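Undergrad: Fold the following, please.
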Amino acid sequence: MRNLFIAIFLLTLSVGFSQTRTNGTPTDRNAKEGTQNDTPKAAFDQYRIITLKRDTTYVDTSLTIKKEYEYNYLRKDIFGLLPFANEGQTYTVLDYGYKKFSSFPEIGFSGKHFNYMKPDDIKYYSVATPLTELYFKTVMQQGQSVDAFITVNTSERFNMSVAFKGLRSLGKYINQLSSTGNFRFTSSYNTLNKRYYLNFHYTGQDFLNGENGGITTLEDFEGEDAAFQNRARLEVYLRDAKTFMKGKRFFLDHNFRINSKTGNNNLYVSHQFNYENKFFEYNQATVLSTVGDEQILRFGEAFVSSGINDQTRYNRMYNKVGAVYENLLLGKFQFFAEDFRYNYYYNRILILSSGVVPSSINDEINTVGGQYEYRKNKWNGTFLYSNSISNQSLSNFDAKLTYKLNNKNEFLFQYQMLNKIPDHTYNLYQSSFIAYNWYNDFKNEKINNLEATAKTQWLDASLQVSSFNDYLYFSDDSTDPQQQLISPKQYNKTINYLSVKVSREFKWWKLALDNTILYQQVDQEDDILNVPQIVTRNSLYFTDYFFKKALYLQTGFTLNYFTKYYANDYNPVTAEAFVQNQREIGEFPMIDLFINARVRQTRIFLKLEHLNSRMTGNNFYTAPNYPYRDFMIRFGLVWNFFQ
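TA: As a prediction, this is how the structure comes out:
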């Protein structure tokens, strides 16, 4: 929080003496002299949002069905994700196409990364006047969810922004507290002659979650006994376990044009730097869990009788240096070299009967590659290839081609072929639980992924076909249903995945019906990659203006549904989902009623979530032992200020 207050103070000073109006007129008003400020308002295209790939959009204060879908903890459309009962916990992945792949290894602990903002998630800005956005939403119990953001250009060429997203929610079940924070600071700059461009950001992120391991007796939940409508009366496996993850990142991306003036031929040098460290901790004060009158070891035998405190540390440094030749007719040709270094470590070496588990794994990976970009008329293409020149086997081929027929019809084709190094938790993990210690040397995963997307005036449709070889996953090794023992495995056969997603909105009068349907199919000899065959979301809503168009109203119902399947279970010790084939979940409708309104730049949201939960019976689960959310009423707003 100290960093947040300092950054806001600096931005406030900047606003006070550095922000200039687009026409140069003074910003102060002299009420005593009766003068008026007739400064015209800045145009919408003077409030730009710029991604790392230089794609530009504009600040949008409209109220659409898309804004309703994005009004959630992640601040984006979460179709294909099923949230756990409390805000700020992990998610069950229904749409496997939601997952994106990188050839470089990651730390792991994927259950903690849904709200972890990566470099591609950070946006940069250019605004004519200071811009502020405030997000607020109520939570399940005792807390709030907020996201505050401010950006300012001290000049036309220099921008700063600072933002903080914070959440605290106690939840309705025992030991389900969520307390998270995402701090972001960005800065962008370019010289007067536009030869040099720079984007910089710093992030500090932390996530604390109570981990209750799910409910112990499903009959108490499903039996609809009025005594258990108070969810805190349901017994859980873990009453005092918690996970904590934090990370800090310094990121710099800049480029310089060699020739003094732009022409038909231009030469650039570019550099990207990323230094990041992460820390993960699993803490469980009491080792024994109570199920009825019996005490069990939920995660098996432990080296200690109490006070488990497992800690994993990780840091990495990434540098990418490139040279770019740009020809206005032929496109951009880039040649680059990458240096990736990591250190993933614990504070001890374990000597077990099964072998030695080292304290760390670290490596230096060097790659070279090239990229070609073509943008001409209706065509836009990017083709990238990189390959390791160090001891590791690593490669990435990624081709994207877009054809824009007109403003209403666009087609995208993408093919990616990856030779991916395993994430670190597959190869090394240490814990106070004896079964949760391993050291492996898995092969690289081989991934082929083909996608085709059509965005037309009639409908949006996408097709994804993927093939996985040497697929890595966590398996359920338990023989006792009261225990949860998992370990990493590598599947030595091919898995083929197919998905088709279609979206279409029908409008009549002031009514609209928005539909998204996903079909998935997996071809595999064993049940390793499990997904629901059908996932659907349908929204029927009404919109109209009221009070001389001062208020815009949007209200309706949203139905979410997916077919039954063997959903992955969640393991809090490793913060990973694991494959299980004992219990299916699904086939329960989730109906929400929403009433949203817009007054100028303020959007107000009111939602009755899962309002049918009392009617359809308690058979709704996010994971085998984790119930989905009960009916609740939540409200909040998104408020933009243009100063």
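
Undergrad: how about the strands of the stretch 251-400 of the chain, start to end?
TA: Ranges of strands in the stretch 251-400 of the chain, per DSSP state E, counting those that start in this stretch, are 265-286, 289-291, 294-296, 306-327, 331-345, 350-352, 355-357, 360-376, 379-388, 395-406.

Undergrad: got the angle for the first one vs strand 306-327?
TA: Read it as strand 265-286. 170 degrees (axes from the mean of the first three to the mean of the last three C-alpha atoms, to 10 degrees).

Undergrad: how about the CA coordinates for strand 265-286, as PDB?
TA: Output of strand 265-286 as PDB, limited to C-alpha atoms (Å, rounded to 0.1, in the frame of the first residue of the first chain):
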ATOM      1  CA  ASN A 265      13.200   1.500 -45.500                       C
ATOM      2  CA  ASN A 266      13.800   1.700 -41.800                       C
ATOM      3  CA  LEU A 267      16.100  -0.100 -39.400                       C
ATOM      4  CA  TYR A 268      15.500  -0.600 -35.700                       C
ATOM      5  CA  VAL A 269      17.100  -2.200 -32.700                       C
ATOM      6  CA  SER A 270      14.900  -3.600 -29.900                       C
ATOM      7  CA  HIS A 271      15.400  -4.900 -26.400                       C
ATOM      8  CA  GLN A 272      13.100  -6.500 -23.900                       C
ATOM      9  CA  PHE A 273      14.000  -7.200 -20.300                       C
ATOM     10  CA  ASN A 274      12.000  -9.100 -17.700                       C
ATOM     11  CA  TYR A 275      13.100  -9.800 -14.200                       C
ATOM     12  CA  GLU A 276      10.600 -11.600 -11.900                       C
ATOM     13  CA  ASN A 277      10.700 -13.400  -8.600                       C
ATOM     14  CA  LYS A 278       7.900 -15.500  -7.000                       C
ATOM     15  CA  PHE A 279       7.300 -17.200  -3.700                       C
ATOM     16  CA  PHE A 280       4.800 -19.900  -2.800                       C
ATOM     17  CA  GLU A 281       4.000 -21.100   0.700                       C
ATOM     18  CA  TYR A 282       1.700 -23.900   2.000                       C
ATOM     19  CA  ASN A 283       1.000 -23.700   5.700                       C
ATOM     20  CA  GLN A 284      -1.000 -26.200   7.700                       C
ATOM     21  CA  ALA A 285      -0.800 -25.900  11.500                       C
ATOM     22  CA  THR A 286      -2.700 -29.200  12.300                       C
END
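
Undergrad: Quick check: buried residues in it?
TA: Buried positions in strand 265-286, judged by neighbour count with 16 or more other C-beta atoms under 10 Å: 266, 268, 270, 272, 274, 276-280, 282, 284. Placement of C-beta: from N, CA and C, glycine included.

Undergrad: Parallel or antiparallel, which strands does it pair with?
TA: Sheet pairing of strand 265-286 (DSSP bridges) gives strand 241-257 (antiparallel), strand 306-327 (antiparallel).

Undergrad: To residue 235, which of the strands of the stretch 251-400 of the chain lies closest?
TA: Taking C-beta to C-beta, strand 289-291 is the member of these nearest to residue 235, at 7.1 Å.

Undergrad: Contacts for that closest one next, please.
TA: By C-beta atoms under 8 Å, 6 or more residues apart in numbering, the residues outside strand 289-291 that reach it are 213, 216-217, 235, 237-238, 295-298, 482.

Undergrad: For the residues you listed, work out which two are farthest apart.
TA: Largest separation among the contacts of strand 289-291 by C-beta to C-beta: 217 and 297, giving 18.1 Å.

Undergrad: could you pull out the strands for the stretch 501-643 of the chain?
TA: Under DSSP E, counting those that start in this stretch, the stretch 501-643 of the chain gives strands at 511-523, 534-546, 551-562, 569-571, 576-578, 590-599, 602-609, 621-623, 626-627, 632-642.

Undergrad: Same check on the stretch 51-200 of the chain?
TA: Counting by DSSP E, counting those that start in this stretch, the stretch 51-200 of the chain has strands at residues 56-58, 81-83, 91-93, 124-127, 131-138, 144-155, 158-169, 178-190, 196-210.

Undergrad: how about those, which one is nearest residue 112?
TA: Among the strands of the stretch 51-200 of the chain, the nearest to residue 112 by C-beta to C-beta is strand 196-210 (5.7 Å).

Undergrad: any idea how far residue 162 is from residue 202?
TA: 10 Å (C-beta to C-beta, to the nearest Å).

Undergrad: How about residue 490?
TA: Distance of residue 490 to residue 202, given as C-beta to C-beta: 37 Å.

Undergrad: Show me which of those two is the more surrounded one.
TA: Under the neighbour definition other C-beta atoms under 10 Å, residue 490 and residue 202 were set side by side, and residue 202 has more, 18 against 15.

Undergrad: What score does the residue lying closest to that one once chain neighbours are set aside have for pLDDT?
TA: Once flanking residues are discounted, residue 202 sits nearest to residue 185: 4.7 Å by C-beta to C-beta, 6 or more residues apart in numbering. Looking at residue 185, its pLDDT is 97.

Undergrad: hang on, the earlier thing: and of the contacts of strand 289-291, the nearest to residue 78?
TA: Checking these one by one against residue 78 (C-beta to C-beta), the nearest turns out to be residue 213, at 23.9 Å.

Undergrad: Tell me, how many residues neighbour the closest one?
TA: Neighbour count for residue 213, taken as other C-beta under 10 Å: 22.

Undergrad: For the nearest residue to it once chain neighbours are set aside, report the pLDDT, please.
TA: Distances taken as C-beta to C-beta, 6+ apart put residue 237 closest to residue 213, at 3.3 Å, once the chain neighbours are dropped. Residue 237 carries a pLDDT value of 96.

Undergrad: Surely residue 237 is in contact with residue 212?
TA: Yes: Residue 237 is within contact range of residue 212, at 6.6 Å (criterion: C-beta atoms under 8 Å).

Undergrad: could you redo the contacts of strand 289-291 as TSV and give each row distance to residue 516?
TA: Formatted as TSV, those follow (distance: C-beta to C-beta, whole Å):
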residue	distance to residue 516
213	33
216	36
217	36
235	37
237	35
238	36
295	46
296	42
297	43
298	38
482	39
